[in-house]
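>>> give me a 3D structure for the following:
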Amino acid sequence: MLGTFLLSAMNHFLANEWDKARAQKRGGGAPLFPLEFDAAETRYIREPADTATPEQHYEWRWAMTLLETVVDRLRTEYVQDGKADLFAALNPCLVGDRTSQPYEALARKLGISEGTVKSAVHRLRQRYRQLLRDGIAQTVAGPGEVEAELRHLIVVLGGRAFG
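Residues are numbered from 1 along each chain as shown. Purely as a prediction, here's the structure:
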């Protein structure tokens with residue numbers, strides 16, 4: 001009986017050794033690709049560093065969310081008044097100057113006079129400013145803080161909030 005046990009143990013040992021010898025090591029014969037650490041390091045050196053703090057990222061995201069909300073509210077008002085096409089045409093005038101959206105070209109596109117376009121853009125911008133102030137007023141303790149918060153918003157956005 002001891003002989004049978006030793007014979008079985010020897011067979012298992014030899015089978016395991018044979019399996020180990022035939023097993024493919026990590027990668028299983030696939031071609032090796034060298035890691036190029038130098039290339040990765042030089043790639044990241046060329047990219048600009050993000051020097052903004054988490055607080056600055058938060059403030060920028062808050063400002064962008066506020067502006068998006070204001071534009072959405074303004075769009076909704078125009079749609080409810082049946083002026084969705086007018087809003088779509090004038091929306092680019094909220095930010096930028098007249099050279100980026102010449103009033104004469106807008107007037108031709110909309111089939112109205114240039115003076116009417118100027119008035120419509122003026123009303124759009126006034127309403128935008130009012131909705132922006134209303135949005136800010138919801139985030140500050142009192143009405144006296146709205147102007148200071150509006151100035152801070154402009155600083156956070158780098159002056160890009162208004163045309």
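>>> pLDDT at the most centrally placed residue in the chain, what is it?
Closest to where the C-alpha atoms of the chain average out (CA atoms, centre = their mean) is residue 61, at 8.7 Å. According to the prediction, residue 61 has pLDDT 91.
>>> for residue 21, same thing?
72.
>>> helix or strand next in line after the host helix or strand of residue 85, which one?
If you go by DSSP states H and E, residue 85 is part of helix 84-90. As assigned by DSSP H and E, the chain's next helix or strand after helix 84-90 is helix 103-110.
>>> elements contacting that following helix?
helix 84-90, helix 114-137 (3 or more CB pairs under 8 Å, 6 or more residues apart in numbering; DSSP states H and E). For glycine as for every other residue, the C-beta is placed from the backbone atoms N, C-alpha and C.
>>> that one: how far from the chain's middle?
32 Å (CA atoms, centre = their mean, to the nearest Å).
>>> got a list of what residue 121 touches?
For residue 121, the contacting residues are 90, 93, 103, by CB atoms under 8 Å, 6 or more residues apart in numbering.
>>> let's have those residues in JSON lines, adding pLDDT and distance to residue 19.
Compiled in JSON lines, the contacts of residue 121 are given as follows (pLDDT from 0 to 100; distance: CB to CB, whole Å):
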{"residue": "90", "pLDDT": "92", "distance to residue 19": "76"}
{"residue": "93", "pLDDT": "88", "distance to residue 19": "76"}
{"residue": "103", "pLDDT": "89", "distance to residue 19": "82"}
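>>> including distance to residue 112 and neighbour count, could those go into a markdown table?
Output for the contacts of residue 121, formatted as a markdown table (distance: CB to CB, whole Å; neighbours: other CB atoms under 10 Å):
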| residue | distance to residue 112 | neighbour count |
| --- | --- | --- |
| 90 | 11 | 21 |
| 93 | 14 | 22 |
| 103 | 10 | 17 |
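>>> quick check: the residue nearest to the centre of the chain vs residue 153, distance?
Distance, residue 61 to residue 153, by CB to CB, to the nearest Å: 12 Å.
>>> same question for residue 15.
75 Å.
>>> for those two, indicate the residue with more neighbours.
Each of residue 15 and residue 153 has its neighbours counted (other CB atoms under 10 Å); residue 153 has more, 19 against 10.
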